[in-house]
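Colleague: just to be clear, the model below is a prediction. Sequence and coordinates:
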Amino acid sequence: MTSASAAAHDDSTSSSTEAEILRLSRAEPGLGQAAVAERLRRAGLTISASGVRYIWQKHGLETTAKRLQALVDATPTGLAALTDTQRELLERGTLSAQLASCAGDGAGDKDEPLDRRQIILSAAAELFSDQGYDRSSIRDIARKVGLLPGSVYHHFASKDELYLAVHREGFKRVMSTITGEIEALSDPWERLRRACEVHVAQMIEGPAVERITGHNLALIGNQELLAKIQPAREAYEQLFRDLINALPVAAGTDRSLLRLFLLGGMNWVYLWYREGRRTPRQIADAMVEMVRRGVAPS
């Protein structure tokens with residue numbers, strides 16, 4: 001056999017081995033790398049367990065959960081293609097990955113471990129932010145975190161309740177951050193400036209749950225849902241009401257209108273913001289400075 005023929009033979013063998021590894025990842029996604037290597041040895045294809053893992057990593061299939069998810073994505077029936085045991089493996093594996101990702105991002109309450117409810121909230125917030133309330137279904141949210149829809153309903157009775165929970169959690173987190181940031185500040189304008197910096201930064205750069213708090217809720221077109229969210233939003237606005245009431249401003253200044261004007265301006269930033277010009281902090285600072293110049297006493 002010539003060197004060229006030998007090379008072609010090796011390439012063919014390598015391709016056959018890779019194809020068989022991918023076939024097994026679909027047919028028996030629960031097999032480990034050593035078991036796959038042994039199956040291939042019996043079929044006359046020689047590869048080490050680490051070699052199997054290399055092929056898996058090349059195709060993003062290095063965990064059982066990823067192989068199961070690939071099977072779900074490639075099958076018209078979706079999750080129905082899996083056995084009950086496989087669904088449990090997919091759910092556990094996907095949740096573990098979500099937990100690791102969230103922990104690495106520092107999301108969630110620092111005093112409590114992240115749980116399944118927090119993972120669902122984060123996934124729902126991402127979908128609500130990216131594609132809107134109407135176009136996001138419980139099935140979409142469940143799929144994003146590798147759960148069955150019933151598992152989401154175990155924690156949230158309806159999509160409405162989940163949407164409300166996302167906003168309540170978002171307002172709570174941003175309020176907590178603002179309170180911590182302004183606690184040591186005494187100057188009223190500096191306190192407002194810092195609060196606005198947090199608001200805009202969290203809305204643009206924060207985790208999905210925090211980002212959604214700045215969205216214009218009237219855009220959802222659901223007045224009943226908007227009314228249910230209002231108490232949580234009112235508690236958040238009270239924080240800004242207190243900050244603005246403490247400002248030294250010119251006589252006759254309508255503080256209520258000033259608060260609505262400032263919050264309204266900040267809440268539209270997420271629609272027009274483009275990275276590379278001003279940072280969220282610079283935008284907030286500029287807004288507060290323009291307001292200060294307009295209402296400061298002569």
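Modeller: That came through, no problem.
Colleague: now the end-to-end length of stretch 240-254.
Modeller: 14 Å (Cα to Cα, to the nearest Å).
Colleague: ok, residues contacting it?
Modeller: For stretch 240-254, contacts defined as Cβ atoms under 8 Å, 6 or more residues apart in numbering pick out 182, 188-189, 191-192, 195, 255-256, 258-259, 262-263, 295-298. Where you see a C-beta, it was placed from the backbone N, CA and C, and this is true even at glycine.
Colleague: just the buried residues from those, in ChimeraX please.
Modeller: A single ChimeraX command selects the buried members of the contacts of stretch 240-254 (16 or more other Cβ atoms under 10 Å):
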select :182,189,191,192,195,258,259,262,263,295
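Colleague: burial count for Leu239?
Modeller: Around Leu239 there are 17 other residues, counting by other Cβ atoms under 10 Å.
Colleague: just to revisit the earlier point, quick check, nearest of the contacts of stretch 240-254 to Lys159?
Modeller: For these, the residue nearest Lys159 by Cβ to Cβ is Leu263; the value is 26.5 Å.
Colleague: so among the contacts of stretch 240-254, where is pLDDT lowest?
Modeller: Note: of the contacts of stretch 240-254, the lowest pLDDT belongs to Ser298, at 71.
Colleague: wait, what's in contact with that one?
Modeller: Counting by Cβ under 8 Å, 6+ apart, Ser298 touches Ala250.
Colleague: try it again with 10 Å
Modeller: Shown in contact with Ser298 (Cβ atoms under 10 Å, 6 or more residues apart in numbering): 250-251.
Colleague: ok so, going back, in helices only, show me the contacts of stretch 240-254.
Modeller: When these are checked against helices (DSSP state H), the matches are 182, 188-189, 191-192, 195, 255-256, 258-259, 262-263, 295.
Colleague: among those residues, list the two that are farthest apart in space.
Modeller: Farthest apart among these by Cβ to Cβ are Ile182 and Ser256. That separation is 20.8 Å.
Colleague: how much space between Leu82 and Leu148?
Modeller: Look at Leu82 and Leu148: by Cβ to Cβ, to the nearest Å, they are 10 Å apart.
Colleague: and Ile204, by the same measure?
Modeller: 34 Å.
Colleague: so which of these two has more stuff around it?
Modeller: Set Ile204 next to Leu148 and count neighbours by other Cβ under 10 Å: Ile204 wins out with 19 against 16.
Colleague: so who does the more buried one touch?
Modeller: Ile204 touches 210-211, 214, 269-270, 273, 275, 279-281, 283-284, counting by Cβ under 10 Å, 6+ apart.
Colleague: lowest pLDDT pick from those?
Modeller: Lowest pLDDT among the contacts of Ile204: Gly214, with 70.
Colleague: which of the helices or strands spans the nearest residue to that one once chain neighbours are set aside?
Modeller: Nearest residue to Gly214 in three dimensions, chain neighbours excluded: Met203, at 3.3 Å (Cβ to Cβ, 6 or more residues apart in numbering). For Met203, the host element (DSSP states H and E) is helix 188-205.
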